[in-house]
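*Asks:* Sequence plus the predicted model coming up.
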Amino acid sequence: MLGTGKLGFSFVRITALLVSCNRLWIGTGNGVVISVPLNDLAGSTSSKMIPRCCMANAQLSFHGHRDAVKFFVSVPMNPEIQNQYPNKRDMLVLSGGEGYIDFRLESTSTITRL
């Protein structure tokens, strides 16, 4: 639930999920992309522990889609650095959906069909 509605919240339909770059990427039915940092459990030695996330630290993307976010894909940014430093993971996260909206602009004329 996000924003304001009749009861103070609006229901948001989740249409895409991805875990990459120590973040949970959430795509919604109205084209909004939300990125939530995942916190490692301090001192845990088990690899089966589920990381925690706090929606208070969530970030909304200024870039979105006219319709539902259909998918996410994570692509390595620089293969040479990954060969030298295998623990460093620079990834580019892309979202797919119909059209493009720049939420920083107030006008609906920014809607573009791709």
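*Replies:* That came through, no problem.

*Asks:* Please name the nearest non-neighbouring residue to Ile34.
*Replies:* The shortest distance from Ile34 to any non-neighbouring residue, by C-beta to C-beta, 6 or more residues apart in numbering, is to Ile26 (4.3 Å). All C-beta atoms are positioned from the backbone trio N, CA, C, and that covers glycine.

*Asks:* who's in contact with the host helix or strand of the one you found?
*Replies:* Per DSSP states H and E, Ile26 falls inside strand 23-28. If you take C-beta atoms under 8 Å, 6 or more residues apart in numbering as the criterion, strand 23-28 is touched by 12-19, 33-38, 53, 68-72, 93, 95, 97.

*Asks:* what does stretch 93-102 give?
*Replies:* 16, 18, 20-21, 25, 27, 31, 33, 62-75, 110-114.

*Asks:* Let's see which of these end up in strands.
*Replies:* Cross-referencing those against strands under DSSP state E gives 16, 18, 20, 25, 27, 33, 63-64, 69-75.
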